[in-house]
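Peer 1: Let's see this in three dimensions:
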Amino acid sequence: MSTPFRFRARLTLGIGTLLLSPCVAFALPNCSHPSLPSNATLTTTLQTVVNAQNNGGFGLPMWATIVSREAVVCMVTRSAALGAEWPGSRVISAQKANTANAFSLPNLALSTANLYSAVQPGGSLFGLQESNPVNPAVAYAGDPELYGTVNDALVGHQVGGVNVFGGGLALYDASATLVGAIGVSGDSSCADHVIAWKVRHMLNLDHVPGGPSGDPSRPDNIVYDIIAGNSSAASGKSASGWGHPHCLPTDVNPSSLPAKQ
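Peer 2: Prediction:
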């Protein structure tokens with residue numbers, strides 16, 4: 001007996017739904033994700049951290065960019081009046097956000113600081129920094145007077161770019177879902193990491209599941225193991241493979257940064 005058309009249609013629809021369900025379940029979080037801050041909240045938080053002046057570095061004004069898990073720029077801001085920050089750091093902040101998002105996973109966070117050693121000549125990831133170039137048509141579009149505002153031309157676009165020094169961190173919400181990344185730039189790369197770290201913590205987006213730092217409470221923290229006294233110091237290599245060089249004598253001790261939530 002042949003299957004009635006209505007039943008066959010329902011069966012086909014049911015199978016199609018089953019096949020499509022995983023795609024729906026794993027849709028990437030976008031800029032509308034409720035855990036991501038508004039531009040105003042990001043700006044206020046960045047200013048609070050920068051103005052506290054306890055981040056090491058030179059105490060300079062900063063840029064910050066957040067991208068979604070889709071790698072779309074959600075917001076760009078700055079901590080001071082336009083022109084007070086290094087102009088080149090705007091795109092670098094976007095690169096850092098793109099990098100932390102691009103090379104972090106639901107169960108493994110990699111900060112841009114974690115990538116420094118592996119991309120050096122002879123490293124296992126040498127050449128990574130050339131793999132996803134910035135799109136200049138996006139990076140330098142729009143009115144420069146609007147850079148760092150809600151109308152920054154980067155917003156809503158994929159800028160790309162790979163940056164391999166401190167300042168980029170993946171963002172994990174309270175359910176430990178990877179929702180995107182933040183990039184901070186404008187000071188020493190070590191201070192950039194510290195500021196990004198504190199901003200992420202204040203935004204409650206540091207429910208990080210795991211990372212390479214060796215500190216379970218700070219999984220994707222910067223690692224300073226390219227220092228005198230390490231067995232590998234003579235070759236200038238990181239003992240762990242995840243190391244980042246010190247920037248200044250005033251660098252903040254990584255273990256003093258807030259533990260993940």
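Peer 1: OK, contacts around the closest residue to F103 other than its chain neighbours?
Peer 2: Excluding its sequence neighbours, the residue lying closest to F103 (CB to CB, 6 or more residues apart in numbering) is L110, at 4.9 Å. Just so you know, the C-beta spots here come from the backbone N, C-alpha and C atoms, and that holds for glycine as well. By CB atoms under 8 Å, 6 or more residues apart in numbering, the contact set of L110 is 100, 103-104, 170, 211-212, 220.
Peer 1: Surely L110 forms part of a helix?
Peer 2: No: per DSSP: H, G, I helix; E, B strand; the rest coil, L110 lies outside any helix segment and is coil.
Peer 1: Next, find the distance separating it from G168.
Peer 2: Going from L110 to G168 by CB to CB, to the nearest Å gives 9 Å.
Peer 1: Also N135?
Peer 2: 17 Å.
Peer 1: between those two, who's got more neighbours?
Peer 2: G168 (39 against 14; other CB atoms under 10 Å).
Peer 1: Tell me what the more buried one is bridged to.
Peer 2: Per DSSP bridges, the residues bridged to G168 are G183.
Peer 1: wouldn't it be in contact with A181 here?
Peer 2: Yes: counting by CB atoms under 8 Å, G168 does reach A181; the two are 6.2 Å apart.
Peer 1: which residues do those two both contact?
Peer 2: Here G168 and A181 share the contacting residues 96-100, scored by CB under 8 Å, 6+ apart.
Peer 1: re earlier: how close does the residue nearest to F103 get to H33?
Peer 2: From L110 over to H33 the distance is 20 Å, taken as CB to CB.
Peer 1: same check, this time on C74
Peer 2: 9 Å.
Peer 1: Which one's more surrounded, the two?
Peer 2: Counted by other CB under 10 Å, C74 and H33 do not tie: C74 has more neighbours, with 25 against 17.
Peer 1: hang on, the earlier thing: what is in contact with C74 and H33 at once?
Peer 2: With CB under 8 Å, 6+ apart as the test, C74 and H33 both reach 68, 180.
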